[in-house]
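> just the structure for this:
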Amino acid sequence: EDLRSYSNNKKRIDSYRKFQEKNMHITKDVFNSNEEMKTICNQYDAFICGSDQIWNTGCTKGVKKPYYLDFAKDSNAFTMSYAPSIAHDSIEREYQEDFAKAVNAIQVISIREETGKQIIRQLTGREAKVVLDPTLLLDKEDYDILKEPIETPKKYVYVYCLEYNKEIYDYAYQLAKDKGIDLVYFRKFNINKFKGCMNSFPYGPGEFLSLIQNAEYIVTNSFHATVFSILFERKFVTFTTKRTSSRLVDFLNTIGLGDRIKSNLKDISKTIDYKQVKSKLDELKRDSQEFLLDSLRKNVGE
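Below you'll find the model as predicted:
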């Protein structure tokens, strides 16, 4: 399997490395354990864990201590979580005790979804703040510096599917056919049915942003493809996944876009009132930014 996808994988890894070198500031040290990370505790005033699915115990195969800032719990550094995702409706029974202990060691807790807030309350008795994913703390113009140019068809449907679902690919294929436009897809292996179509798997985050922004329609089951479809004000449909749909459903319902979930969607071509969506997002953004900055000011200082 790895040999068959070697070319696509290598191009993808190279693309991500270039993006990292160009846009990210990271430590020179590489850490291989929670114990090794304790050596940097005196170098920083605060540690923030998040976001994405670092608290999805199914994805991480248990409670991984660095994702809960365990290395800093006995230091003088302030610890908080910002928008990690549990993704599921519950924590597996065998991980619940470790999860509760790890979360309780963090000084200030926030979470990405309402279902995660309920899980934390149930297992720890603590109240977590529900905040926006950090990608939503920026405006679409802020991403211009990160975008990378990419040659694409003039008009296309972009199907971005993380968890394989034949229904999604079939839907996107039929949509492109009905609209008389091209199809761009994302898949580790090239799909025979899409022969002649562009596979975006080898490209990095910068190209991903461009692909979303320039698409006529986006068909996806990805949280972040959904987020950027909204930021770039595109027409989209989101399919829920078998186990990790809570964060998608919570988010879309909160901003009044529950009708873009496939089970509720009547017509993908329907115009979206992005002025109203932006108004709701701006309100949520202000609340999340204030929470983040106030937590740091109170515990670290200006």
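
> which strands and helices sit next to the helix or strand where Leu248 lies?
In this structure, Leu248 is located in helix 246-254 according to DSSP states H and E. Helix 246-254 sits against helix 114-124, helix 223-231, with contacts defined as 3 or more C-beta pairs under 8 Å, 6 or more residues apart in numbering; DSSP states H and E. Glycine gets a C-beta too; all of them are placed from N, C-alpha and C.

> tell me the most buried of these?
Highest mean neighbour count of these: helix 223-231, a mean of 23 (counted as mean count of other C-beta atoms under 10 Å).

> so after that one, what's the next helix or strand?
strand 235-238.

> now for that next one, which elements pack on it?
Using 3+ C-beta pairs under 8 Å, 6+ apart as the contact criterion, the elements in contact with strand 235-238 are strand 217-220, helix 223-231.

> quick one: which of those is nearest Lys61?
Closest approach to Lys61 among the helices and strands packed on strand 235-238 (C-beta to C-beta): helix 223-231, 20.4 Å.

> so where is this protein shaky, pLDDT-wise?
Low-confidence segments of the chain, defined by pLDDT under 70: 1-4, 243-244.

> quick one: the strands in it?
With DSSP state E as the definition, the chain shows strands at residue ranges 46-49, 78-81, 110-111, 129-130, 156-160, 182-186, 198-199, 217-220, 235-238.

> just put the ones you listed in CSV and tack on distance to Ala102.
Conversion of the strands of the chain to CSV gives the following (distance: least, C-beta to C-beta, whole Å):
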stretch, distance to Ala102
strand 46-49, 10
strand 78-81, 10
strand 110-111, 14
strand 129-130, 18
strand 156-160, 32
strand 182-186, 33
strand 198-199, 39
strand 217-220, 31
strand 235-238, 31
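
> a markdown table for those, including mean neighbour count?
A markdown table is the format used below for the strands of the chain (neighbours: other C-beta atoms under 10 Å):
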| stretch | mean neighbour count |
| --- | --- |
| strand 46-49 | 20 |
| strand 78-81 | 23 |
| strand 110-111 | 26 |
| strand 129-130 | 19 |
| strand 156-160 | 26 |
| strand 182-186 | 22 |
| strand 198-199 | 18 |
| strand 217-220 | 25 |
| strand 235-238 | 23 |
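
> and those: which comes nearest Asp282?
Between Asp282 and the strands of the chain, the tightest spacing by C-beta to C-beta is seen for strand 129-130, at 16.6 Å.

> check which helices and strands the closest one sits against.
Applying 3+ C-beta pairs under 8 Å, 6+ apart, one finds that strand 129-130 contacts strand 110-111, helix 114-124.

> the first one pairs with which strands?
Spelled out, that is strand 110-111. Note on strand 110-111: by DSSP bridges, its sheet partners are strand 129-130 (parallel).

> who's in contact with the strand it pairs with?
Taking contacts as C-beta atoms under 8 Å, 6 or more residues apart in numbering, the residues outside strand 129-130 that touch it are Ile109, Ser110, Ile111, Arg112, Glu113, Glu114, Gly116, Lys117, Phe291.

> neighbours around Arg297, how many?
When counting by other C-beta atoms under 10 Å, one arrives at 10 neighbours for Arg297.

> distance across stretch 104-119, terminal residue to terminal residue?
In terms of C-alpha to C-alpha, to the nearest Å, the two terminal residues of stretch 104-119 are separated by 13 Å.

> can you pull the contacts of the closest residue to Leu257 other than its chain neighbours?
Counting by C-beta to C-beta, 6 or more residues apart in numbering, Leu257 lies nearest to Val277, which is 6.4 Å off, once chain neighbours are set aside. For Val277, the residues meeting the contact criterion (C-beta under 8 Å, 6+ apart) are Ile230, Ile255, Gly256, Leu257.

> which residues are contacting stretch 236-250?
With C-beta under 8 Å, 6+ apart as the test, stretch 236-250 has contacts from 53, 56, 58, 85, 87-89, 112-116, 162-163, 165, 167-168, 171, 217-221, 223, 225-226, 229-230, 252, 258, 260-263, 265, 268.

> how does it look with 6 Å?
With contacts defined as C-beta atoms under 6 Å, 6 or more residues apart in numbering, stretch 236-250 is touched by 85, 87-89, 112-115, 163, 168, 218-221, 223, 226, 229, 260-262, 265, 268.
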